[in-house]
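*Asks:* Prediction below, plus the sequence it came from.
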Amino acid sequence: MKIKYFLALIVSTVLSVYAQKFENLVLTPPMGWNSWNHFACEINEKIIRETADAMVSTGMKDAGYLYINIDDCWHGERDSLGFIHPDSSRFPSGMKALSDYIHSKGLKFGIYSDAGWKTCGGKPGSRGYEYQDALQYAKWGVDYLKYDWCNTDGLNTEGAYLTMRDALHSAGRPVVFSLCEWGNSKPWLWGKNIGHLWRTTGDITNCFDCVVDHGSWKSWGIMYILDMQEGLRIYAGPGYWNDPDMMEVGNGMSLNEDRAHFSMWCMLAAPLIAGNDIRTLSDGTKNILTNKEVIAVDQDSLGIQGFKYSSGDSVEVWFKPLQNNEWAACFLNRSLKIKQISFDWNKENVIDTISGRKINSQSNLYKIRNLWTKKEVGNTEKILNAEVPGHDVLMIKLYK
Ligand code: GLA
């Protein structure tokens, strides 16, 4: 017995000496909101407070959204000792007061920095100040850090993220660490023990299938980002997620497109970080962002990212294994024309290569539920026939 305690003591001492990532955070993909996609640099404490209020009053908190994340441009200057402070004209009450307000709503508080000398918006970066910044964030009560990769000439990616991971750990307050280096150095290969999620692509843009060329960089529409996830599903799991970027739902695409975007992010077990102005949420957008049955696909405890099973005539068929031997399936119509789909469960051979699970509709009859109409639509004995509108999905769950 005594030896057991002695060994436990040694293990815990070793763990506290060697820094590591905070374990047991975001065992399902993180859910929340981030200021960037809608507000870019035009942020202030009033917007953030009102967003926290709206998170509660719209039912988004109840649907699982927890993090209120401030992106770039909150920064003021460093003081003579090197500590960073917020821009006092935009955040006159200071970060601690804002964080306290967010926490008082039962929500969590996220912030943004950059591994380089300056952020992408030209504000002070964390390079050389990592431990100091981590201490400051801990004092403010920060729960989530998105860490960007602009202005990092000469830095090693893995090393730079490791430094901030260790700095956060030594500051002692558990923080979700979100790696944002756009997939350039394949963070899925090295990020699992460093962060909780990593961006897999460059920036998303509010468009179903276009690319926006900004000269030195491009931003990508929803379908482009989706295609860039190919081959990455084996790298994600509970506590370490592929991040196809924050959502554009509610920022101006059609409801069909927003529904398709949201459904696919859930099939991908993606972090669900809303990027719209939730203070002015339309009913249509709210119905998408707060559909608990679709969110449950994203938040399923197996944490297995879905996969593309087949594609043809602009329709893709995706599957995601769920707990209790259930499955989610999504028929994505990438064209603008209505498509007639027909899926014969008895002839298809769906296998998830990660878990080895199969859909065997001959030995197992599944019931089918449409997750958007929230209606039962038969079972796998019969061929599934349906129409899918342009840029939209049919999303279903198979269950016993
Ligand atoms: C980068 C990131 C974006 C956003 C901006 C802020 O482009 O990828 O998500 O954080 O910087 O400047």
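*Replies:* Everything's here; your move.
*Asks:* C-alpha only now, for contacts and for neighbours.
*Replies:* Noted.
*Asks:* what about the closest residue to G239 other than its chain neighbours, distance to D213?
*Replies:* Once flanking residues are discounted, G239 sits nearest to L27: 4.4 Å by Cα to Cα, 6 or more residues apart in numbering. In this view, L27 and D213 are 36 Å apart by Cα to Cα, to the nearest Å.
*Asks:* Neighbour count: these two, which is higher?
*Replies:* The residue with more neighbours, out of L27 and D213, is L27; 18 against 10, by other Cα atoms under 10 Å.
*Asks:* doesn't A236 make contact with that one?
*Replies:* No. L27 is not in contact with A236 according to Cα atoms under 8 Å; the separation is 11.0 Å.
*Asks:* Need the residues touching each of those two.
*Replies:* G303 (Cα atoms under 8 Å, 6 or more residues apart in numbering).
*Asks:* For the most centrally placed residue in the chain, which residues are in contact?
*Replies:* Nearest to the geometric centre of the chain sits P271, at 1.7 Å (Cα atoms, centre = their mean). By Cα under 8 Å, 6+ apart, the contact set of P271 is P29, P30, M31, W241, N242, D243, P244, D245, M246, W265.
*Asks:* if I've got this straight, the last one is in a helix?
*Replies:* The reference is to W265. Yes. Counting by DSSP: H, G, I helix; E, B strand; the rest coil, W265 is located in a helix.
*Asks:* and it, how far is that from the ligand?
*Replies:* 16 Å (Cα to the nearest ligand atom, to the nearest Å).
*Asks:* Tell me how many other residues crowd that residue.
*Replies:* Every residue meeting other Cα under 10 Å relative to W265 is counted, giving 26.
*Asks:* Just to check, it is in contact with I273?
*Replies:* No. With contact defined as Cα under 8 Å, W265 does not count as touching I273 (10.1 Å).
*Asks:* Surely V56 touches Y65?
*Replies:* No. V56 is beyond contact range of Y65, at 9.2 Å (criterion: Cα under 8 Å).
*Asks:* which bits of the chain sit near the ligand?
*Replies:* Within the chain, the positions adjacent to the ligand are W36, D71, D72, C120, G121, D203 by Cα under 6 Å from any ligand atom.
*Asks:* pLDDT at the nearest residue to the third one once chain neighbours are set aside, what is it?
*Replies:* Using Cα to Cα, 6+ apart and skipping residues adjacent in sequence, the residue nearest D72 is Y112, 5.9 Å away. Per-residue confidence at Y112 stands at 99 (pLDDT).
*Asks:* Check the one 3 residues further on too.
*Replies:* pLDDT, the model's per-residue confidence, is 99 for A115.
*Asks:* Repeat that for S12.
*Replies:* For S12, the model assigns a pLDDT of 45.
*Asks:* what ranges do the strands span in the stretch 51-200 of the chain?
*Replies:* If DSSP state E, counting those that start in this stretch is used as the criterion, the strands of the stretch 51-200 of the chain fall at 67-69, 75-78, 84-86, 108-114, 144-148, 176-179, 197-199.
*Asks:* Adding mean neighbour count, write those out as a markdown table.
*Replies:* Listed next are the strands of the stretch 51-200 of the chain as a markdown table, based on neighbours: other Cα atoms under 10 Å:
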| stretch | mean neighbour count |
| --- | --- |
| strand 67-69 | 26 |
| strand 75-78 | 16 |
| strand 84-86 | 18 |
| strand 108-114 | 24 |
| strand 144-148 | 25 |
| strand 176-179 | 25 |
| strand 197-199 | 27 |
